[in-house]
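**Q** Quick one, what's the 3D model for this:
(2 chains)
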Amino acid sequence: MSSLDTAGTKRSSRRLLAANAWLVFTFLYVPIAVLVVFSFNDSERVNVWQGLSPRWYGEALGNTQVVGALRVSLVVAFTSTIVSTVLGTAVALALDRYRFKGRRALDGTVYLPIVIPDITMAVMLLVFFAEAFKLIDAFGPRLTLGVTTVALSHIAFNISFVAVVVRARLDQFDRTLEEAARDLYATPWRTFRRVTLPLIAPGIAAGALLALTLSLDDVVISSFTAGPGATTLPVYVFSSIRQGVTPELNAISTLMLAASITLVVASLALQRPRSITP
Amino acid sequence: MTDSASTRGRLRRSRWLAVTVVAVLLLAACGDGDDASEAAATTAAAADAGDAGDAAAADDGCEPGETDGDLAFYNWADYIDEELLVAFEEESGISVDYSVYESNEQMLTKVESGAAIYDLVVPSDYMVALMISEDLLLPLEFDALPNAANIDDAWDNPPFDPDHRFHVAYQWGTTGIGMTYDMLDTLGGESSWAVIFDAETAALVPGDISMLDDAPEAVSAALKYLGYSITEVIESGNEEAVREAGALLKATNDRLLKYDSVTFGDDLVNGEVDVAHGWSGGFAQAFFETDAYETHVYTIPIEGGVRWVDTMAIPHNSDNVCSAHAMINFLLDAENGAALTNYTYYGSPNTAATPFILEEILDDPGIYPPPEVYARLELIPQMGDLGLIVQDMLTEAKS
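**A** Residues are numbered from 1 along each chain as shown, chains lettered A, B, ... in the order given. Model (predicted):
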């Protein structure tokens, strides 16, 4: 190693790595740039350029189905994020802190929804809902798939993602800080609120953001568990393909992109002053 | 983590996935032998409880325009003018829960599971046959559909529902070849599948060629070129002919730029391809919206092509059968039927609607082919056991 480690090879390897970084950056962002540019296309067709115009933004926001689908998406995303963040964090804490019966089994299976393919999960959930509804049907009320089942499904896969992210944070956790708090006569609840929670907050925030993104992004599971009146935006976009794609889809995607960027920037800004590295 | 996130977005090919799922559900249903008795028990329980719900309503029959609750309408995306939904809500006083699907198979999965309760769905021809064979559709009450008389006699008793009990036609279209007028002149003014399948003729194409990424369509096109009748081949289970078509597809593969079912119209207008196999409505939309009508044309080859029809039908577990009939009757109205076509650029099966349809649509031979061309079109029948072989043919051709 040392014999090769001359200034020349160092410089060329640095250049190579820098070039690679730029290539990766281009690879990631050029399609997004194209998407944004074409959202201002005046043409009826997505890949036929006919001049600059913001008309598709107006059309997208004036399309009641798009707005309806957006509403469903947001309701599902926020509900599932809040519920799964609370439950996922609780699971991570339980697995990290306590020894209980079935802990190892739970520890192993909490990763399962991350590992198994979406389509398998989607089929499982659909069959589960079908069977459960059949059972409930026998007692009277007829249930149908809808916004609730989509939200439940998203909670189901998001719990795992949140739990895994929060656990990673807990792994680096300095337990002596909690012990110090207890030595100073802090109650367990107070210790949790004033010491534990602030320390793992970046992990929780990261988990919640991941959950939000995954929920807004999901097509396969949503399309299998959706029922009447529960078309989410990605499912709507995907279904529109059969009738041909208009720049309206670009406009919608650009708006979603802007929203996600705002969210990420906001969360980074929120995290910075508070982030205490253990 | 980011990997899983992007994988989520990447799962697009939902069609074969949907087929897999259907298979899984079927297996589940087979394993569950007492399904029927369970269903019977449920019905009995409902009857015991004095439930005057859907079962009773179905017995009494629905009056034209009668409604019995909000309508859950499950349709292809972008396949109806929203103003029609609003107009129906105003006229009937009920609200419409409108949701969309992207493939027949996806809709089938939902209806088959029984977990999603839809009142009205829009299956294509072959899917109607499949759903009838699995008891997934309720017979329609034509007494509640006086406007069904508006449907052209040509749509009576189609092969996928011979007694015409379970469906009424919604919109129809054809599959053929889109090209430039220059190309059509080069071919001597007559379109032929040879422009794709015959090496010498295909050599005349200045640029590239694309075909639909859809096994039944691709195999049907090859069968037509080889001179077969699609109906005869499928109904007689002529596996040899299907394999011959597959071999032809494989031999053609190198000539194609790509298999594409989404942007074929745009690609043709853009000049990315000069000859494209595709659906009438896709070309019509691309041509109308970019004023490419002067230069480009959709043709039905001399050997014949495929026609298809999407239909309205009521799923087995519908809660609001009368509302569904009210909506069907509403859409079969002359002006409403025309509004459908003026929005989708697909053909209307509704003869009474003709005076209200835009001239540019009526005059387009690509949407409304003249009778002698229409006679060369065939419906793709339900494939049954041949379906898997047909799928294999396209997969092999691509490999």
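
**Q** Next, find the distance separating whichever residue of the stretch 201-350 of chain B sits closest to chain A from B:Glu102.
**A** For the stretch 201-350 of chain B and chain A, the shortest gap (C-beta to the nearest C-beta) falls at B:Glu289, measuring 3.2 Å. (C-beta placed from N, C-alpha, C; glycine too.) As judged by C-beta to C-beta, to the nearest Å, B:Glu289 and B:Glu102 stand 21 Å apart.

**Q** higher neighbour count, the two?
**A** Under the neighbour definition other C-beta atoms under 10 Å in any protein chain shown, B:Glu289 and B:Glu102 were set side by side, and B:Glu102 has more, 22 against 19.

**Q** Could you pull up the residues touching B:Leu394?
**A** B:Leu394 is in contact with B:Asp213, B:Asp214, B:Ala215, B:Ala218, B:Val219, B:Gly246, B:Leu249, B:Tyr259, counting by C-beta atoms under 8 Å, 6 or more residues apart in numbering or on different chains.

**Q** tell me the pLDDT at the residue of the stretch 201-350 of chain B closest to chain A?
**A** We have a pLDDT of 77 for B:Glu289.

**Q** so who does it touch?
**A** Contacts of B:Glu289 by C-beta under 8 Å, 6+ apart are A:Ser43, A:Glu44, A:Arg45.

**Q** one more time with 6 Å
**A** Each residue near B:Glu289 by C-beta atoms under 6 Å, 6 or more residues apart in numbering or on different chains is listed here: A:Glu44, A:Arg45.

**Q** burial count for the residue nearest to A:Ser240 when sequence neighbours are not counted?
**A** Once flanking residues are discounted, A:Ser240 sits nearest to B:Ala77: 4.4 Å by C-beta to C-beta, 6 or more residues apart in numbering or on different chains. Burial of B:Ala77 is recorded as 21 neighbouring residues (other C-beta under 10 Å).

**Q** for B:Ala77, what are its contacts?
**A** Taking C-beta under 6 Å, 6+ apart, we find B:Ala77 in contact with A:Ser239, A:Ser240, B:Val100.

**Q** Hmm, which of those is lowest in pLDDT?
**A** Minimum pLDDT across the contacts of B:Ala77 is recorded for A:Ser240, with 76.

**Q** That one reaches B:Asp78, doesn't it?
**A** Yes - contact criterion C-beta atoms under 6 Å: A:Ser240 and B:Asp78 qualify, at 5.3 Å.

**Q** Establish whether the longest strand seen in chain B and chain A are in contact.
**A** Ranked by residue count, the top strand of chain B under DSSP state E comes out as strand B:168-180. No - Strand B:168-180 lies out of reach of chain A by C-beta under 6 Å from any C-beta of the partner chain, never closer than 11.3 Å.

**Q** Export that strand to PDB, keeping only CA atoms.
**A** Below are the C-alpha coordinates for strand B:168-180, written out as PDB (Å, rounded to 0.1, in the frame of the first residue of the first chain):
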ATOM      1  CA  VAL B 168     -74.100  -3.900 -21.600                       C
ATOM      2  CA  ALA B 169     -71.400  -2.400 -23.800                       C
ATOM      3  CA  TYR B 170     -69.700   0.800 -22.600                       C
ATOM      4  CA  GLN B 171     -67.000   1.700 -25.200                       C
ATOM      5  CA  TRP B 172     -65.200  -0.200 -27.900                       C
ATOM      6  CA  GLY B 173     -62.100   0.100 -30.000                       C
ATOM      7  CA  THR B 174     -59.700  -1.700 -32.300                       C
ATOM      8  CA  THR B 175     -56.100  -2.700 -32.500                       C
ATOM      9  CA  GLY B 176     -54.100  -2.000 -35.700                       C
ATOM     10  CA  ILE B 177     -51.000  -0.100 -37.000                       C
ATOM     11  CA  GLY B 178     -50.200   3.600 -36.800                       C
ATOM     12  CA  MET B 179     -47.800   5.100 -39.400                       C
ATOM     13  CA  THR B 180     -47.100   8.200 -41.500                       C
END
